[in-house]
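# Fold the following and give me the result.
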Amino acid sequence: MNAPHQDDVLQIVDQQIGEVDGIEPQAEKQKVELEGSRQMPKAHQPAAYRTRWFAWSIIAVAWAGSLTAVVLRGGAVEWFMTAVLSMIIAVSGVAPLLAAARLSASRDLSQHSIREGGQLDIRLTLKRAIPVPFVWIAIHEETLNESSALNRKIGIHAVITPVWSKEITYQYTLHQLRRGRHPYQHAVVTIGDWLGLTAISRQLDCRSEFIVLPGLAHTASPNRPERLEGGGLYAVPSSQRGVSQDLRGEAGREEIEAAVRAAGLGPDFRPFRQGDSLRHLDWRSAAKGRGLQTKVHSLEQPVQTCIAVDTMASAYDADDRLFDACVGWAALALANAAALGNGVTLLLGEGSQAIRMPYQGGTQQGVSSMLHAMALLRAEGKGSLARSLNQGSHLLARGSTILVFTADWRGGRSWGELAGYAAEKGCRLELFIVTRNNIPTFAMREQHRWLESGGVKLTWLPVPASMSAQPYAAEGGDAHEYA
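Residues are numbered from 1 along each chain as shown. All right, here's what the predicted structure looks like:
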């Protein structure tokens, strides 16, 4: 498939005709950049607690003066002022110091792996050596999504006032979690007095992490294949636009299921060998003078499916949710292939090590290892997925099906080359392109026609409307939330 300069021409046509289709490419790009640079709400930012050293200087001078007055004069007023200032020093100075002594923390997670869009209960327990009253404890901790190109964080900030308890427990829930690895480094605990004069901060080491497995955050039937691993899909009320996108999503799911089921269908051919059944001979080919060929049906050979996820940074324009949706659709194909008992080869971008699941080896352990590998993906590649597939000839078995998930609809030339390579290997190629556009632009439709003319089946997949929800933290667990 030769298409000189086609990609450049399509880009120019897309810019000129984008407004006719109701899509402005530059406006869409600016919208994605604004969404990517969005900061956490101010409610999640840690408060700036600090010790009031100027106030303590005045109190120290006043206490020293009153103590001197007690020694020199010894009147009731002098004794009263000394007692009041001594009480302030004891309550606002000594009490926080004692409460911060030998302070430790531990964190318990309700799960260590959860699906995209789910929620997680977290319990933070603080232990102190001396149960000192008249102090408050501020807790701040946050987790960083290491699989996000924008390094998004989820933070929680709370203030509690224990009295005589040596062990304090604070529970909160993280909602609308996004795919990736979320580590906790330490918890920042600040202890202060009720007058606001002292603030003692401690960084308590309580490392832990959880992994959000890829998936499509939507309301689904519990019998759907994508519910094989994990749980806790979080339902989001849909708008009219969300309903239309869900209809496109259902069509995409049907296309993926059909592509996985079609893997290995149809006979393959090899030269006739001694002992082959005459019933399996291709008599039409022999009548045309092509020699004796034996039909090898799909039941005689393992069904192999290669699922490739494009991790090139240029394909997603720093849009985390577009990449998450792409990985989620690939996870759906993986779940379908595992349910059918297909042999699966998972290719995660250029330079990544291929992960294989043997024929009829679709166990929970095999699926889980692949999903964990997909959860750690980052869209930071600089090469070409088509080139890596071309170079990795050992990854493809003859007669297998290659399902490519990407957002790079402009890479027609590379996909055409990959289709030619797949045809040489006797493989079938299907391309699934994830896009935010509700209606494909003129350039996208032209690219679609050109690829299909070369024998590449292309399916447009949407970003689910529920993926636009922002992750957040809320106090309390399920019992607290729904009480």
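# which residue is nearest the centroid of this protein?
Geometric centre of the chain, nearest residue: R179, 1.5 Å, by C-alpha atoms, centre = their mean.
# now stretch 453-465: how far from the chain's centre is it?
Going by C-alpha atoms, centre = their mean, to the nearest Å, the spacing between the C-alpha centre of stretch 453-465 and its chain's C-alpha centre is 22 Å.
# Share the number of residues neighbouring the closest residue to R102 other than its chain neighbours, please.
For R102, ignoring the flanking residues on the chain, the nearest one in space by C-beta to C-beta, 6 or more residues apart in numbering is A129 at 4.0 Å. C-beta here means a position set from N, CA and C on the backbone, and glycine is covered the same way. By the measure other C-beta atoms under 10 Å, the count of residues near A129 is 13.
# got it, and G65?
If you count neighbours by other C-beta under 10 Å, G65 ends up with 14.
# ok, now I154?
Other residues within reach of I154 by the criterion other C-beta under 10 Å amount to 21.
# Past the helix or strand of the chain with the lowest mean pLDDT, which element shows up next along the chain?
For the chain, counting by mean pLDDT, DSSP states H and E, helix 25-36 ranks last in confidence among helices and strands (a mean of 36). Elements were assigned by DSSP states H and E; along the chain past helix 25-36, the next helix or strand is helix 53-72.
# what residues does that next one touch?
Contacts of helix 53-72 with the rest of the structure, by C-beta atoms under 8 Å, 6 or more residues apart in numbering, involve 75, 78-79, 81-82, 85-86, 88-89, 93, 197-198.
# doesn't I433 make contact with W460?
Yes: using C-beta atoms under 8 Å, W460 makes contact with I433 at a distance of 5.8 Å.
# Tell me which of the two has more neighbours.
I433 (26 against 20).
# which residues sit in contact with A333?
Taking C-beta under 8 Å, 6+ apart as the test, what A333 contacts is 256, 259-260, 305, 307, 403, 405.
# hmm, 7 Å instead?
For A333, the set of contacting residues under the criterion of C-beta atoms under 7 Å, 6 or more residues apart in numbering consists of 256, 260, 307, 403.
# again, but for L85
By C-beta under 7 Å, 6+ apart, the contact set of L85 is 59, 62-63, 66.
# Just flag the most distant two among the contacts of A333.
In the contacts of A333, two members sit farther apart than any others by C-beta to C-beta. They are I256 and I307, at 10.1 Å.
# Quick check: phi and psi on G192?
For G192, the backbone dihedrals are phi -140, psi 170 (criterion: degrees, to the nearest 10).
# Excluding sequence neighbours, find me the nearest residue to it.
Going by C-beta to C-beta, 6+ apart, G192 has A199 as its nearest residue, at 4.5 Å.
# Likewise for Y184?
Excluding the flanking residues, the one nearest Y184 by C-beta to C-beta, 6+ apart is S208, at 4.9 Å.
# and the helix or strand hosting that neighbour, which residues are buried?
Of the helices and strands defined by DSSP H and E, S208 is found in strand 199-213. Neighbour-count burial for strand 199-213, with 16 or more other C-beta atoms under 10 Å as criterion, is recorded at 199-201, 204, 206, 210-213.
# could you give the mean pLDDT of stretch 321-340?
Stretch 321-340 comes out with an average pLDDT of 88.
# next one: stretch 59-69
Per-residue confidence for stretch 59-69 averages out to 94 on the pLDDT scale.
# now do stretch 427-437
Averaging pLDDT along stretch 427-437 gives 87.
# neighbouring contacts of that stretch?
Taking C-beta under 7 Å, 6+ apart as the criterion, the residues outside stretch 427-437 that touch it are 23, 259, 322, 325-326, 329, 396, 399-407, 409, 415, 418-419, 422, 451, 456-461, 463.
# one more time with 6 Å
The list of residues contacting stretch 427-437 from outside it, by C-beta atoms under 6 Å, 6 or more residues apart in numbering, reads 23, 259, 325-326, 396, 400-405, 407, 409, 415, 419, 422, 456-461, 463.
# shaky segments in the stretch 1-150 of the chain?
For the stretch 1-150 of the chain, the stretches flagged by pLDDT under 70 are 1-47.
# picking that back up, mind picking the one among the buried residues of strand 199-213 that's closest to A338?
Distances from the buried residues of strand 199-213 to A338 were compared by C-beta to C-beta; the smallest belongs to L213, at 13.6 Å.
# dump the residue contacts of the closest one.
Neighbours of L213 in contact, by C-beta under 6 Å, 6+ apart: 113, 115, 230, 371, 375.
# what's the spacing between the second one and T169?
I take that to be R115. Here the distance between R115 and T169 works out to 27 Å (C-beta to C-beta, to the nearest Å).
# Among these two, which residue is more densely surrounded?
For R115 and T169, the more surrounded residue by other C-beta under 10 Å is R115, and the numbers stand at 26 against 13.
# my guess is the more buried one meets L216, correct?
No: no contact is recorded between R115 and L216 when judged using C-beta atoms under 6 Å, the distance being 9.2 Å.
# can you list the buried residues of strand 199-213 in CSV and add pLDDT and distance to I156?
Shown next, in CSV, are the buried residues of strand 199-213 (pLDDT from 0 to 100; distance: C-beta to C-beta, whole Å):
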residue, pLDDT, distance to I156
A199, 94, 19
I200, 93, 20
S201, 92, 16
L204, 92, 15
C206, 90, 14
F210, 94, 14
I211, 93, 19
V212, 93, 17
L213, 92, 22
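# export those to JSON lines and tack on distance to D193?
Conversion of the buried residues of strand 199-213 to JSON lines gives the following (distance: C-beta to C-beta, whole Å):
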{"residue": "A199", "distance to D193": "9"}
{"residue": "I200", "distance to D193": "10"}
{"residue": "S201", "distance to D193": "14"}
{"residue": "L204", "distance to D193": "20"}
{"residue": "C206", "distance to D193": "25"}
{"residue": "F210", "distance to D193": "35"}
{"residue": "I211", "distance to D193": "40"}
{"residue": "V212", "distance to D193": "39"}
{"residue": "L213", "distance to D193": "45"}
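# which among those gets closest to A101?
Sorting the buried residues of strand 199-213 by distance to A101 puts I200 at the head of the list, at 9.9 Å, by C-beta to C-beta.
# Mind listing the residues bridging to the closest one?
With DSSP bridges applied, the residues forming beta bridges to I200 are I191.
# and it, how far is that from T401?
On the measure of C-beta to C-beta, I200 and T401 end up 62 Å apart.
# can you check H372 too?
Relative to T401, H372 is positioned 24 Å away (criterion: C-beta to C-beta).
# Which stretches in this structure count as helices?
In chain order, the chain shows helices spanning 6-17, 25-36, 53-72, 76-89, 95-99, 240-261, 283-287, 320-339, 364-375, 385-391, 412-424, 442-453, 478-481, with DSSP state H as the criterion.
# what's the most buried one of these?
Mean neighbour counts were compared across the helices of the chain using mean count of other C-beta atoms under 10 Å; the top stretch is helix 320-339, at a mean of 26.
# Return the subset of the contacts of stretch 427-437 lying in strands.
Using DSSP state E, the subset of these located in strands is 401-405, 457-461.
# Could I get those residues in a markdown table, plus columns for pLDDT and distance to A105?
Below are the ones in strands among the contacts of stretch 427-437 laid out as a markdown table (pLDDT from 0 to 100; distance: C-beta to C-beta, whole Å):
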| residue | pLDDT | distance to A105 |
| --- | --- | --- |
| T401 | 82 | 50 |
| I402 | 85 | 49 |
| L403 | 89 | 45 |
| V404 | 89 | 46 |
| F405 | 91 | 41 |
| K457 | 84 | 54 |
| L458 | 87 | 52 |
| T459 | 89 | 49 |
| W460 | 90 | 48 |
| L461 | 90 | 43 |
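# No further queries at this time; thank you.
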